[in-house]
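**Q** need a 3D model of the sequence below.
(chains A and B)
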Amino acid sequence: MKCAQVRELFGAYWDDEITQAERESLESHFSTCAACREEYEQYSRTLELLGSLPREEASPDLLERVLARTRRATPATDRLPVRGIVWKPLTAAAAVVVLAMATLSPWLRPVALRTEQPGAPIAKREPVRIEPRTVTGAPHVATRPARAGADAGTAVAVADSLFDHNEDIDFILDPGTVRRGHVRPGPPRTTNVQGEHAVITF
Amino acid sequence: MAPERDPATPILSLSDEDLMARVAEEDERAFPELVRRYQGRVTNLVSRVLNDRECADDLAQEVFVRVFVHRRNYRRGSKFSTWLFTIAANLAKNEIRRRVRRRNWFSLDALQEMLQDSAPQLADPTEGRESRMEREQLRDAVGRAITAVPEKYRLSLVLRDIEGLSYEEIAQALGIPGGTVRSRINRARSMLKRKLQPLLRQEGSP
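**A** Sure, this is the predicted structure:
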């Protein structure tokens, strides 16, 4: 084995990761080559020095400092249960309010209408048919009042209606009935029909 | 019930990996135990890589804070110490690079000066080689010589020859192939030997 080959094996020899055959030829070389032997002595002495360095101990307050940092670093973890307590009821309350408003919304519109017609009956308990506008000669457009001219009270009363009819809806629905009812499209009209058609049944 | 799941299992008897799993599950007792187990090794590693005891304290602290912050990123089944040393090595690497940028690190001239100062005393038979001062100077010289090895070789060297990690563990911790680890360690050892040669010659002389 040549000197260069021997020196290539210093690391494996030190780490004891060398084959038996390599070990024998390396040690045989050392017995005859003083330069390689000395070179390996310096190599092994270097690693001994490295390994003999005293171990640095951790600072006595390291754990405390780490824990203090982690408490600051992840406040969300500590606050998580509190957040749950606060937000869950709030979300539930908000859901209840939305549901209540959705349920009560039919009551709100008749109230607005009642203020305009104090003597009018509150409801008619019968199917309501929204009649189509029949064209009888004069153009329909001429008979339909402009929305811009509608007064504020009327606008409030019909603003969220499914239908856009300022004049052609003049019934008052019983809120309880409306709540249980549903709207379905009316039968198709083939002639002289203009505008939307729907039947509200209960 | 598996030990890592059973809350009645004493913390001290859990493996590192089971402890880390508990840290991820917000078991408050687990993390301090992991810090206790590894604070010495982490401090020693970064201290040797940087040759700076004060900075090692801060860096070790940062290592454990990162372990905690990234606790949910720990992959179950992987060796905890390897993951920990990956974090430590990365932080040490960043610190070395920061120092290089600031040009505030050890120079070769300072090493030569240090070795010249140490060698005569080490060779002086009247003082004895193992006196406390000599030993401290020798260690100081070796510590400085380590920092004179380029960073990419130095980390492998310290992990192998000071921390005693296997080549495979180093490869995982540094994210490089095993063959690269071997060649880096061989080069690092040769560099260190060259840097310490004046000291070794003096030491070996009669």
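**Q** could you say which helix or strand holds A:Leu99?
**A** Taking DSSP states H and E as the definition, one finds A:Leu99 inside helix A:75-116.
**Q** what do you get for B:Arg154?
**A** helix B:151-161.
**Q** just checking, what packs against that helix?
**A** When contacts are defined as 3 or more Cβ pairs under 8 Å, 6 or more residues apart in numbering or on different chains; DSSP states H and E, helix B:151-161 sits against helix A:34-52, helix B:30-50, helix B:80-102, helix B:132-147, helix B:167-174, helix B:178-204. For the C-beta atoms, the positions are set from N, CA and C on the backbone; glycine is no exception.
**Q** mind putting these into CSV with mean neighbour count, mean pLDDT and distance to A:Ser28?
**A** Listed next are the helices and strands packed on helix B:151-161 as CSV, based on neighbours: other Cβ atoms under 10 Å in any protein chain shown; pLDDT from 0 to 100; distance: least, Cβ to Cβ, whole Å:
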stretch, mean neighbour count, mean pLDDT, distance to A:Ser28
helix A:34-52, 16, 93, 11
helix B:30-50, 22, 96, 36
helix B:80-102, 18, 91, 39
helix B:132-147, 18, 86, 32
helix B:167-174, 20, 95, 27
helix B:178-204, 18, 88, 22
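**Q** so which of those helices is nearest A:Leu63?
**A** helix B:30-50 (5.0 Å; Cβ to Cβ).
**Q** what's the first helix or strand after that closest one?
**A** The element immediately downstream of helix B:30-50 (helix or strand, assigned by DSSP H and E) is helix B:53-69.
**Q** which residue sits closest to the residue in chain B that chain A sits nearest to, ignoring its sequence neighbours?
**A** Closest contact between chain B and chain A, by Cβ to the nearest Cβ, is at B:Gln39 (3.7 Å). Among residues not flanking B:Gln39 along the chain, A:Ala58 sits closest, at 3.7 Å (Cβ to Cβ, 6 or more residues apart in numbering or on different chains).
**Q** and that neighbour, its phi and psi?
**A** Backbone geometry at A:Ala58, expressed as degrees, to the nearest 10, gives phi -70, psi 150.
**Q** and if you look at the one 4 residues further on?
**A** Torsion angles at A:Leu62 (phi, psi; degrees, to the nearest 10) stand at phi -60, psi -50.
**Q** residue contacts, the closest residue to chain B within chain A?
**A** At 3.7 Å from chain B, A:Ala58 is the closest residue in chain A, using Cβ to the nearest Cβ. If you count contacts by Cβ atoms under 8 Å, 6 or more residues apart in numbering or on different chains, A:Ala58 has them with B:Gln39, B:Gly40, B:Val42, B:Thr43, B:Asp57, B:Ala60.
**Q** and whatever helix or strand A:Arg65 lives in, what does it pack onto?
**A** Using DSSP H and E, A:Arg65 falls within helix A:62-73. Contact analysis of helix A:62-73 by 3+ Cβ pairs under 8 Å, 6+ apart lists helix B:30-50, helix B:53-69 as its packing neighbours.
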